[in-house]
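S.K.: Give me a 3D structure for the following:
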Amino acid sequence: MKFCILTGSPRKDGNTSALLTPFIAQLEERGAGVTVIDLNQKEINPCLSCYRCQDVPVESGCPQKDDMGEILSVVL
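M.R.: Numbering: from 1, shown residues only. As a prediction, the model looks like this:
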């Protein structure tokens, strides 16, 4: 089983990280794959409402060049 954890904390080693550390360790002990993505470190632009993403069902069809494509490749 695979897990993708999205965090949005502005402090990289703050309370959220402290709470996630034992949780991630337990998942990995049980053989789960864990990917943690710190959204605060990513460039994510707002939606343009152009609907181009609707034309590509299996990958990001968004015309914006930001980190959202990388995030979607892990989530999907």
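
S.K.: Tell me the buried residues in the lowest-mean-pLDDT helix or strand in the chain?
M.R.: Ranked by mean pLDDT, DSSP states H and E, the weakest helix or strand in the chain is helix 68-75, scoring a mean of 88. For helix 68-75, the neighbour count (16 or more other Cβ atoms under 10 Å) marks M68, I71 as buried. Bear in mind the C-beta positions are built from the backbone N, C-alpha and C, glycine included.

S.K.: Can you give me the separation between the residue nearest to C53 when sequence neighbours are not counted and N45?
M.R.: Counting by Cβ to Cβ, 6 or more residues apart in numbering, G61 is the residue found nearest to C53 once chain neighbours are left out, at 4.4 Å. According to Cβ to Cβ, to the nearest Å, G61 and N45 sit 15 Å apart.

S.K.: who has more neighbours, those two?
M.R.: Set side by side, G61 and N45 show more neighbours around G61, with 14 against 11, by other Cβ atoms under 10 Å.

S.K.: re earlier: contacts for the least confident helix or strand of the chain?
M.R.: C4, L6, T35, I37, L39, K42, I44, N45, E59, S60, C62 (Cβ atoms under 8 Å, 6 or more residues apart in numbering).

S.K.: Out of those, name the ones that lie in strands.
M.R.: C4, L6, T35, I37 (DSSP state E).

S.K.: Can you name the two of the residues you listed that sit furthest apart?
M.R.: Farthest-apart pair in these is L6 and T35; separation 9.4 Å (Cβ to Cβ).

S.K.: which ones are touching R11?
M.R.: Each residue near R11 by Cβ under 8 Å, 6+ apart is listed here: S17.

S.K.: make it 10 Å
M.R.: With contacts taken as Cβ atoms under 10 Å, 6 or more residues apart in numbering, R11 has the following neighbours: S17, N40.
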